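Colleague: how would this look folded up:
(2 chains)
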Amino acid sequence: MRLRAQDLVYAYVPGRPVLRGISLEIRSRETAFLLGPNGSGKTTFLDCLGGLRPPQGGDVRLDDRPLASFSARERARVVGYVPQFHEPPFNFTAWEVVLMGRAPYVRWLSQPSTKDRRAADDALTELGLEEFRNRPYYTLSGGERRLVLVARGLAQGASFLLLDEPDAHLDPANQHRVLRATGELVQGGLGVAVTSHSPNNALLYADRVALFAQGEILAQGDPHDVVSPEPLERAYGIPFVVVGAGDGPRAVLPALG
Amino acid sequence: MRSRLTWALLLLPLPVAFFALMVGRYPISPGEVFAALTGGEVAEVVRQLILRIRLPRIGAAALVGANLAVAGAVYQGVFRNPLVEGRLLGVSSGAGLGAALALLLFPQPAMIQALAFAGGLVGVGLTALLGWAFGAGVLVLVIAGVLVDSFLSAVLGIVKYTADPLGTLPAITYWLLGGLGSVRVHDLLPLGIASGVGLTFFLLARWRLNLLTLADQEGEALGVRVRQTRFLVVGMGTLLVASAVSVSGMVGWVGLLVPHAARAVVGPDYARLLPAAAGLGAALVVLLDTIARTLLTAEIPLGVLTGLLGAPLFLILFLRFLRERGGWR
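Modeller: Okay, here's the model as predicted:
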């Protein structure tokens, strides 16, 4: 399956578009990283891709069908969204949070079925969260919370997961836990789009990278080509160097002085 | 375990109501109460007292309690704010104003209900508008509710000022203090219909209320049509509060405190919270109303009792809330 954005235009304030004709495709069995400086339009793009903001120009299609023609419920069965923050006013347990992912399957005036409950259990198990099942969400660590939200997306039964900065505010081990977990889901057939401020996570976990700057895509393609000094300098405005080469691990760092 | 506790709370009003049927200025034994309820052998005066006087009043108390508690639990979720209830959102004072206008202009039960409902919608609408205009924070919404409450109370003052000091004014004043002393069988019908519609709706849709505690965008991403759902749910909650207010007058705090107590027992999941809050609210108001009519020779206004109990408990809740969040923000 493909989730494809074509010439997306979006402006919060008329005349000042934050997306100026973005075209990008998310495919099943692929992790796409969206990199770019603050305010470059990544998150707005992710919202449009998830059908949460109707673009003012262009469209998003799932295979050949426009996403705008889906009902909210239909859309939620195909595209899941993992927000950066989830702050419920009450202390739900991890399992209760994950069960909310079944919303597109539970009819108005009825309760989640046995099947829905099992789907929530399965999602927790798949992400290795069984032991947190009955723990209140607020007692979980940042990494565990992020994984619970991924599990909710999984319980949603979506074919595509869109993650807004899943590696933000996490220590390196937890960043790894979260991104490795989404990587495994991708091997299982999901398509994943991730916004991030870490070019090095893109090198480690992405199959494809799109580099945003000022509402446009500067470069997209293979991580090794896109996460390299020349495009990064154009996007972020400071020089970068590549550390490591060949088949070994690679990283990019800001070039000092 | 938690589902067993939910059932226990949901059924709690039954023993409490049975006890309430027994006590009063004229005490009645359990056997006689049972006989009167089941149509058995019992003195006619006892049967009349149970079926015509105590039972309607206890039924009204139970519905008022369930309505206020369920509406409070719902409002807390929809407004993503653990410190609100009908009273604090301006629903009660709006409904009170509407009902007072009705008492002044068209004193019939149906009109009182209708104007109470309209007034409640105006109250919660104003509060929500102010709250959202100023950023929708938890404390902002509480302050907006206080503003609307005091404004509507001032308008209510005008209504009272123009009311006939010998007829309508005492009626309005007594009614505003909150109480079920004047409940008659015919008051039960409109209350019963509104409660039946609202409570049935919420008990069926209860799991879905969880989804309204999410941020708007998160809810949308799960396929919830957030705006329409919120609108419907606030409207239904207002129906519950307004129908309660139009029968019992201003009974505060129940809608705030009962959901918290129920949450402490069965957790925040609305699938369990809602039935638990309904049962606990009904049992509490039946109990308080029994105290109101038996403690002293003269009746104590119910709203006064809930205020005496509620305000200190709210203070405790508020301090705990501030401590959890690390102070004012």
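Colleague: mind jotting down where the helices sit in the stretch 151-257 of chain A?
Modeller: In the stretch 151-257 of chain A, the helices defined using DSSP state H, counting those that start in this stretch lie at A:172-187, A:199-205, A:223-226, A:229-236.
Colleague: tell me which of the ones you listed lies nearest to residue B:83.
Modeller: Proximity to residue B:83, assessed across those by C-beta to C-beta, is greatest for helix A:172-187 (32.8 Å). Yep, even glycine has a C-beta here, placed from its N, CA and C like the rest.
Colleague: that closest one: which residues count as buried?
Modeller: A:174, A:175, A:176, A:177, A:178, A:179, A:181, A:182, A:183, A:185, A:186 (16 or more other C-beta atoms under 10 Å in any protein chain shown).
Colleague: quick check: mean pLDDT across it?
Modeller: For helix A:172-187, mean pLDDT rounds to 94.
Colleague: run the chain-centre distance for it.
Modeller: 12 Å (C-alpha atoms, centre = their mean, to the nearest Å).
Colleague: and stretch A:194-213, by the same measure?
Modeller: 11 Å.
Colleague: kindly report the same for stretch B:99-112.
Modeller: Worked out by C-alpha atoms, centre = their mean, stretch B:99-112 lies 20 Å from the chain centre.
Colleague: residues in contact with it?
Modeller: B:114-116, B:119, B:156, B:159-160, B:162-163, B:168, B:171-172, B:175-176, B:186-187, B:190, B:245-246 (C-beta atoms under 8 Å, 6 or more residues apart in numbering or on different chains).
Colleague: export it to PDB, keeping only CA atoms.
Modeller: Output in PDB follows, covering the C-alpha atoms of stretch B:99-112 (Å, rounded to 0.1, in the frame of the first residue of the first chain):
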ATOM      1  CA  ALA B  99     -36.400  28.000  36.600                       C
ATOM      2  CA  ALA B 100     -36.900  31.200  38.600                       C
ATOM      3  CA  LEU B 101     -38.000  33.000  35.500                       C
ATOM      4  CA  ALA B 102     -40.500  30.200  35.000                       C
ATOM      5  CA  LEU B 103     -41.700  30.400  38.600                       C
ATOM      6  CA  LEU B 104     -42.200  34.100  38.100                       C
ATOM      7  CA  LEU B 105     -43.900  34.100  34.700                       C
ATOM      8  CA  PHE B 106     -45.300  30.600  33.900                       C
ATOM      9  CA  PRO B 107     -45.400  28.500  37.000                       C
ATOM     10  CA  GLN B 108     -46.000  25.000  35.500                       C
ATOM     11  CA  PRO B 109     -43.700  22.000  35.800                       C
ATOM     12  CA  ALA B 110     -43.100  21.600  32.100                       C
ATOM     13  CA  MET B 111     -42.100  25.300  31.700                       C
ATOM     14  CA  ILE B 112     -39.900  25.100  34.700                       C
END
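Colleague: any idea of the pLDDT on the closest residue to residue B:204 other than its chain neighbours?
Modeller: Nearest residue to residue B:204 in three dimensions, chain neighbours excluded: residue A:109, at 4.1 Å (C-beta to C-beta, 6 or more residues apart in numbering or on different chains). Looking at residue A:109, its pLDDT reads 89.
Colleague: and residue B:251, its phi and psi?
Modeller: Here is the backbone geometry of residue B:251 (degrees, to the nearest 10): phi -120, psi 100.
Colleague: same question, residue A:8
Modeller: Dihedral angles of residue A:8 (phi, psi; degrees, to the nearest 10) stand at phi -70, psi 130.
Colleague: and it, what does it touch?
Modeller: A:19, A:21, A:22, A:23, A:45, A:48, A:55, A:57, A:58, A:59, A:60.
Colleague: let's see 10 Å
Modeller: A:17, A:19-24, A:41, A:44-45, A:48-49, A:53, A:55-60, A:215 (C-beta atoms under 10 Å, 6 or more residues apart in numbering or on different chains).
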